[in-house]
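Colleague: predicted model and sequence follow; I will ask about them next.
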Amino acid sequence: MNQKDIKLLWGRAGNRCSICRVELSQDKQAVTASFTLGEQAHIVGEKDDAARGKSPLSDEDRNSYHNMILLCPNHHTEIDKNETDWPIERLHLGKSKHELWVRETLGDASDTRLLARQLAVTTIIDAAVELCRLTDWKVWTSHALSPDPNWAGDLPNRIFEFRQRVAAAIWPTDYDELRRATTTFAILIHDAARTFMEHSDYEEGTYRPHKFYKAGGFNPNYNRDLDAYEKWLDDCWRLVIDATRAANWFADIVRRDINPMFFAEHGKFVVLEGPFADLSYHASVPEFTDERKKELPDALLKQAA
């Protein structure tokens, strides 16, 4: 479920169970050990063999806001164990009635403005997950950090699109650190992609390094060009690691301010470097210091000016 749909589900349900209307919680204070009392339940089951799962709906539709209902743990258990009493139609009707009750009983202008601000932010968060391939971060960055790096052919353009979306975003004032973390992430991952593209060739759906120091035949400037190539590789690797630092900062603030379950099961973003000469790999979790975070993204923007 994407972050925008999660916010819609919780906001329109008024943080209450759609059946018994007991108040639920999403613990924003606890990041690593958060406990979410509310449960995001599927109306049509997520899989064909799940409760109410027989349906032509796609995986994307099954995990969208329109097929989800917010419940307390007791009612989530009840509807999944008793499909006869809780068919799909009854759940959709119950969800609609509950959301109408929330609007008429609990809704006010401040709640509507808050939800609107959160939806604007979660749209950017979803773009980061999709366009920067956060779910596959360790896999694709391991290719980018290998001695002979490569990038998937569509990834640089996706990252450029993310950079544009972040640059154009209108951020609510009460999400300043999230703005700074997201902007830093967008700048660094875009710099990483742009730098790699400076000396890469497209081959069968993949960008691979153009080893310009070889220059076809005898190269009188071989040593100079080899040094330049190795410096370029170092820059590429450094920027991917810096982008990972920014990704971890970004995810930490999303968990603190928006959704405590954001990549909570996945954990921190890890980079895998290697293989080295002894065929070993090195795994690490790059993160910014608190002092460095205070300088960002202003330091990067000044550097680019």
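Modeller: Received, thanks. Residues are numbered from 1 along each chain as shown.
Colleague: counting contacts, what elements does the helix or strand hosting D201 pack onto?
Modeller: Using DSSP states H and E, D201 maps to strand 200-203. When contacts are defined as 3 or more C-beta pairs under 8 Å, 6 or more residues apart in numbering; DSSP states H and E, strand 200-203 packs onto strand 206-209. C-beta coordinates here come from the backbone N, C-alpha and C atoms, glycine included.
Colleague: could I get the average pLDDT for the strand holding D201?
Modeller: Strand 200-203 carries an average pLDDT of 94.
Colleague: would you list the phi and psi of K7?
Modeller: When read as degrees, to the nearest 10, the backbone of K7 gives phi -60, psi -40.
Colleague: quick check, pLDDT for it.
Modeller: The model reports K7 with a pLDDT of 86.
Colleague: ok, it touching T122?
Modeller: Yes: K7 lies in contact with T122 (C-beta atoms under 8 Å); the separation is 4.9 Å.
Colleague: longest single helix anywhere in the protein?
Modeller: For the chain, the helix that runs over the most residues, judged by DSSP state H, is helix 222-257.
Colleague: give the other helices and strands that it contacts.
Modeller: Here helix 222-257 touches helix 137-144, helix 176-197, strand 271-273, going by 3+ C-beta pairs under 8 Å, 6+ apart.
Colleague: could you dump the ones you listed into TSV with distance to S18 added?
Modeller: Shown next, in TSV, are those (distance: least, C-beta to C-beta, whole Å):
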stretch	distance to S18
helix 137-144	34
helix 176-197	29
strand 271-273	41
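Colleague: deepest of these, which one?
Modeller: helix 176-197 (a mean of 22; mean count of other C-beta atoms under 10 Å).
Colleague: run the angle between it and helix 222-257 for me.
Modeller: If you take axes from the mean of the first three to the mean of the last three C-alpha atoms, to 10 degrees, helix 176-197 sits at 160 degrees to helix 222-257.
Colleague: tilt between helix 176-197 and helix 137-144?
Modeller: Using the same axes, to 10 degrees: helix 176-197 against helix 137-144 is 30 degrees.
Colleague: could I get the full set of helices for the stretch 51-200 of the chain?
Modeller: For the stretch 51-200 of the chain, the helices defined by DSSP state H, counting those that start in this stretch cover 59-62, 73-81, 88-105, 109-131, 137-144, 155-168, 176-197.
Colleague: of all these, which one comes closest to V285?
Modeller: For the helices of the stretch 51-200 of the chain, the distance to V285 is smallest for helix 137-144, at 10.5 Å, taking C-beta to C-beta.
Colleague: of all the helices and strands packed on helix 222-257, which one is nearest R117?
Modeller: Short answer: helix 176-197, nearest of the helices and strands packed on helix 222-257 by C-beta to C-beta, at 11.2 Å.
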